Each structure stands twice: as C-alpha cells, then as structure tokens.
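[1] below is the sequence, then the predicted model.
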Amino acid sequence: MAISAESPASTSRLRPLSGIKVEVAGQAASGCSTTGGEGKASCGSSDGQGDMPAEIWDKVKNHPCYSEEAHHHYARMHVAVAPACNIQCNYCNRKYDCSNESRPGVVSQKLTPDQAVKKVLAVASEIPQMTVLGIAGPGDALANPAKTFETFRQLQEQAPDIKLCLSTNGLALPDYVDEIAKYNVDHVTITINMVDPDVGAQIYPWIFYNHKRIYGREAAEILTERQMLGLEMLTARGILTKINSVLIPGINDEHLYEVNRAVKARGAFLHNIMPLISEAEHGTYFGLNGQRGPTAQELKDVQDACMGGANLMRHCRQCRADAVGLLGEDRSDEFTLDQIEQMDVVYDIDKRRAYQEKVEAERQAQHAAKQSALAEQGADDGMKVLVAVATTGGGKVNQHFGHADEFQIYELTASSTTFVGHRRVDLYCQGGYGEDEQLPSIVNAINDCHAVLVSKIGACPRDELLAAGIEPVEEYAHEFIEKAALGWFAGYRARVASGEITHIPRGDAAIRQGAFKAA
Ligand code: CLF
Ligand code: SF4
C-alpha cells in the first residue's frame, strides 16, 4: 500500500471551507487543538483529562466511543427507530443493519419512539453504567427525522443524565443541525468515505435528494458537499463530531488520508476508520462482486498514516443498530419488548450517579496504574510489540482464554501503550471442552502479537500458541490491562537483552469477516 504519513493532503478537489467560523469550545478550526508541551495537534479517543479543555472532557469522559479509556467501563445502547435510508452504499443490503454503525444482521425489533423510550429507561435501571443512547439505524437517523427527534425529545425530559448521540450518512444533516442542537445531542457521527466524487461514485450508486434519485458522480458530489457543510455547521455549534470511514481496499485506502485532513480542517473531533465487511452471503454489491476487506495490517497502516490529523478511534466494534452494553458485548436479547413489560423499571438518577462514581474511581485507578507502570520502564530502545488481551471489561485481564470471543490488541513500547484494535474469534471453549479446530483461526486473528494475556489457559492451547510463537501469559490475571502488559513487556525486553530469547517481528493477522459476534 502506497500510503505514507508524508503524503501531501491534496485538497484540490474540495470546495473551500464555507464562511462559517469553525470553533469547538473556543478552539479554532481544528478539532480540539492543544498547545500542550508534547506538540499534540488534537485530542480524542485515547487522551485523558489533562489533554483537553474541561468542557470537552466533560462530554467525552464517559462516552465509550469518544474515549478509549471509557469504553472499558461505560456502556451504550442503540434504539432501532430509523428504518429508512436516503442513499445506497455498495456495502449495505437493506435487509441488514446499517453497516455504518452496526454489523450485518437484521435488527431483532424495530421500535416506535414510545417503545424506544421505555426500553432506554429499562436498560438504564438495570445497567447503571449505560451513559449514552445512540440512534444508528438500521437505516439513517436523519432519513427518519420525526421518529429520531421524538425519541430524543422524550429522553431529554425523562432521562436527562443520558448523553444523546446519533449517526448519519450526512445527506440530510444540514437541514437538521438546529434540531440536533435543540435536543442537546452532543455527539454526532457522520460516515464519510470520500471527499472526491470520483471515489464516491465507486461507493454510492445513488442518493435520494430533493425528491429525486440522483446517480453516479453527481450523487457523490452532492453527498460530499452536504457532509462537509453539515460537519462545519455542527462544529460551529460546539457539537462533537466523529467521522466514520469504511476502508475499502483498492477504492479509498489511499484516499482516507485526504479524508482525515479534510475533516480535521472542519473541526472533526475523531476519525474512526473501520474495515469493510463484505461477505457474499450478506448480499451486498461489494460482497457479491468479490470486493475484499482489509487485513489487520492494512487497516493499521492506514490508521497510522493518518496520525497527526484528526484523532483516531481504534476501538470501534461496528455494533448493531440495537446493541446494548459495553462495546464488544451485546445484551440486547435481555431487553426485548416482552421482557421489558415484565420488568420493574425504576429510573433512579441518584442511584445511577452513585454507581457511576464507583466506575469512575476504578477508571482513575486504571489510569494511575498505567502511569506508574510506564514510569518503571527503562529507556525506550525503540522496540515495539503487539499483545492480545482477554477481558470482560473493567479494564482488567480477567477472562479465560477459552471464553474469549474477542481479544483487545495493544501496541507497547517502553514509553507508551496504545489500544490498536480488537479481533473477534470463535470461542475456543465450547460447552465446557476445548475445541482444537478453533485454534488455527484464533492464532490467525492474533498472529501479529507476541503474547496473549489471559486470566487462565489450558495446557493444550498453551502449547499450540507457543508453537505458533505467541506467548500465553497468566501471571497478571485480574490486574489492570496496561500495567499487566507493561509488566510482561519489561520482562520480555530483559530476556532479549540477556540473550535468553531473540526478538523476532511477527506477521500479519486476519480480520475475521462477519465475525463481529458469533451468532
Ligand atoms: Fe452508538 Fe455510534 Fe453513538 Fe457510539 S456506536 S451512535 S458513537 S453510541 Fe461506537 Fe458502535 Fe463503533 Fe459506532 S462502537 S459502531 S463508533
Ligand atoms: Fe445502508 Fe447505512 Fe449506507 Fe443507508 S447509510 S445505505 S443504511 S450503510
């Protein structure tokens, strides 16, 4: 792939920024730019309290998508009130969830706004760390404005402590920015896969705009103009924006650098570059025509090339339009309409706050543990490795290898830990027994890692992982992830330094298509 961080951000095909003065909370024109000592250009997903203005920290600190730290501790839910869509993406089949914000798979139940509000209150009373309600399809939130805003209106009154969030393809966005602001929707995601209509024509066959269907390049041209205008209008109102981009190898892989710079210039807070999901059985245009998704290394290469522009989100789980729970888990089947009818729903805002204070203390403890582990590392010798971690949440290494249906991947150096993504896998342990047939696919998924940190692992997978060159590590069970990973890394570097082992770079890993949760 010929992407490099040095590539000039050619914006020649973009129209100039409109006359709108772009500001986020007093910061001019570039997300939440900082003048911090590290020369950081922007702040976002992996940053903490000291890295951003207090009013922005307040908006992101317990939003699991806008803060990588928060995603270990806080949950979100989606309500599927928006079935219609006003564009066609080549990676979407209308029978399935919106690929912008959800894995392919039909939503279990589409909801009316009244049903949605009932569901939110029920989930909030059962899962007090659920802090964000998002509307992310299964179509486009703003192609269904009446249902979307009626849901927000009711929630603003009945559950004022829950942050409101929406996701859109951006075509209708400029028409609804005032309403978004009116209901205190603080977080808006726009899916922007291109800023060049020639690229767009390969992704979008048509849009429906001003009562007519428009095709090809003209459609893409209108879409990109509307997306940029909507983004500028949100930024001007201080609403935090996240840009989702689907990485489509051979179509927009080299172009996403340009997208990153264009959205940063318009004040985007975060950029989430996600892998294309294109299995043939989903019946999408791309799936049926053999368009492949990226490998793990291709995804990371594009993300790394974009660094220094709009800040990157790397912990997205491409969740369902009716997902409930921590990112990566889905408790939606505990909250069907029938079940909610049977539940004793008590929405107690004080109880929720008290619980969240405990969650916050745990999150601060995780942060402090990371800082002290970093302080104990020796001089940075430039060594860089990836490790996989099995966790059920809470920011700890607390899951058995055999029970993990995803591994979180961290990049370690002696001076940093960076969350770089997650890998979905089939459960190794099926019905109480280890399933050796699953091991090769698990090894494939974490093949770029030097170690896998787990709370426990059986003898058989341990031996096979070792044979594949991946070190299983149990001794940090129930410790905070970064502290554990850095503890292992210090030992690894010492073994390399003493000549006990040789440091060998690892290979690429597979992003399992359609494996966003075993059905
Ligand atoms: Fe939902 Fe999206 Fe809001 Fe998050 S999801 S509407 S910003 S509350 Fe999050 Fe899910 Fe990724 Fe979306 S992990 S698909 S980025
Ligand atoms: Fe599908 Fe979402 Fe694209 Fe609409 S915006 S076509 S629902 S992926």
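    Noted; the coordinates are in hand. Numbers count the residues shown, from 1 in each chain. Ligands and ions are numbered 1, 2, ... in the order given.
[2] okay, CA-based contacts and neighbour counts for the rest of this
    Noted.
[3] SS state for residue 165?
    Following DSSP: H, G, I helix; E, B strand; the rest coil, residue 165 is assigned to strand.
[4] quick check: it vs ligand 2, distance?
    16 Å (Cα to the nearest ligand atom, to the nearest Å).
[5] is it true that that residue touches residue 141?
    No - contact between residue 165 and residue 141 fails when scored by Cα atoms under 8 Å: they sit 10.2 Å apart.
[6] can you list residues touching both of those two?
    residue 135 (Cα atoms under 8 Å, 6 or more residues apart in numbering).
[7] of these two, who's got more company?
    residue 141 (28 against 24; other Cα atoms under 10 Å).
[8] so for that one, what's the pLDDT?
    With respect to pLDDT, residue 141 has a value of 95.
[9] assign residue 244 to helix, strand or coil.
    strand.
[10] quick one, what contacts it?
    100, 189, 190, 191, 192, 193, 271, 272, 273, 274.
[11] so is residue 274 in a helix, a strand, or just coil?
    Going by three-state DSSP: residue 274 is strand.
[12] isn't it right up against residue 315?
    No - look at residue 274 against residue 315 with Cα under 8 Å: they stay out of range, at 9.6 Å.
[13] of those two, who's got more company?
    Neighbours were counted for residue 274 and for residue 315 using other Cα under 10 Å; residue 315 has more, 26 against 23.
[14] before we move on, the earlier item: mind putting the contacts of residue 244 into TSV with distance to residue 386 and pLDDT?
    Formatted as TSV, the contacts of residue 244 follow (distance: Cα to Cα, whole Å; pLDDT from 0 to 100):
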residue	distance to residue 386	pLDDT
100	27	50
189	29	96
190	30	97
191	29	96
192	29	98
193	28	97
271	22	97
272	20	96
273	19	96
274	19	93
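[15] tell me where the stretch 251-400 of the chain has strands.
    With strands called from DSSP state E, counting those that start in this stretch, the stretch 251-400 of the chain shows them at 270-275, 311-313, 324-325, 385-389.
[16] list the buried ones in the first one?
    The one in question is strand 270-275. Neighbour-count burial for strand 270-275 flags 270, 271, 272, 273, 274, 275 (criterion: 16 or more other Cα atoms under 10 Å).
[17] direction included, what does that strand pair up with?
    With DSSP bridges as the test, strand 270-275 is paired with strand 240-247 (parallel), strand 311-313 (parallel).
[18] thought residue 286 was touching residue 293?
    No - look at residue 286 against residue 293 with Cα under 8 Å: they stay out of range, at 9.5 Å.
[19] so for these two, which residues contact both of them?
    With Cα under 8 Å, 6+ apart, residue 286 and residue 293 have common neighbours residue 278.
[20] tell me the contacts of the most centrally placed residue in the chain?
    By Cα atoms, centre = their mean, the chain has its centre lying nearest to residue 316, at 1.7 Å. Applying Cα under 8 Å, 6+ apart to residue 316 gives the contacts 65, 272, 274, 327, 421.
[21] hmm, the second one is touching residue 312, no?
    So that's residue 272. Yes - with contacts defined as Cα under 8 Å, residue 272 counts as touching residue 312 at a distance of 5.8 Å.
[22] coming back round to it: how about the contacts of residue 244 in a markdown table, adding distance to ligand 2?
    Written out in a markdown table, the entries for those read as follows (distance: Cα to the nearest ligand atom, whole Å):
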| residue | distance to ligand 2 |
| --- | --- |
| 100 | 5 |
| 189 | 12 |
| 190 | 10 |
| 191 | 8 |
| 192 | 10 |
| 193 | 11 |
| 271 | 17 |
| 272 | 15 |
| 273 | 15 |
| 274 | 13 |
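[23] how about the residues of the chain by ligand 1?
    Within the chain, the positions adjacent to ligand 1 are 65, 76, 78, 101-102, 132-136, 165-167, 316-319, 327 by Cα under 6 Å from any ligand atom.
[24] the residues you listed in helices, which ones?
    Among these, DSSP state H puts none in helices.
[25] how about the helices in the stretch 151-300 of the chain?
    173-182, 197-200, 216-236, 256-265, 285-288, 296-306 (DSSP state H, counting those that start in this stretch).
[26] by mean pLDDT, point me to the weakest helix or strand of this structure.
    Here the helix or strand of the chain ranked lowest by mean pLDDT, DSSP states H and E is strand 27-28, holding a mean of 34.
[27] check which element follows it along the chain.
    With elements assigned by DSSP states H and E, the helix or strand that comes after strand 27-28 is helix 54-60.
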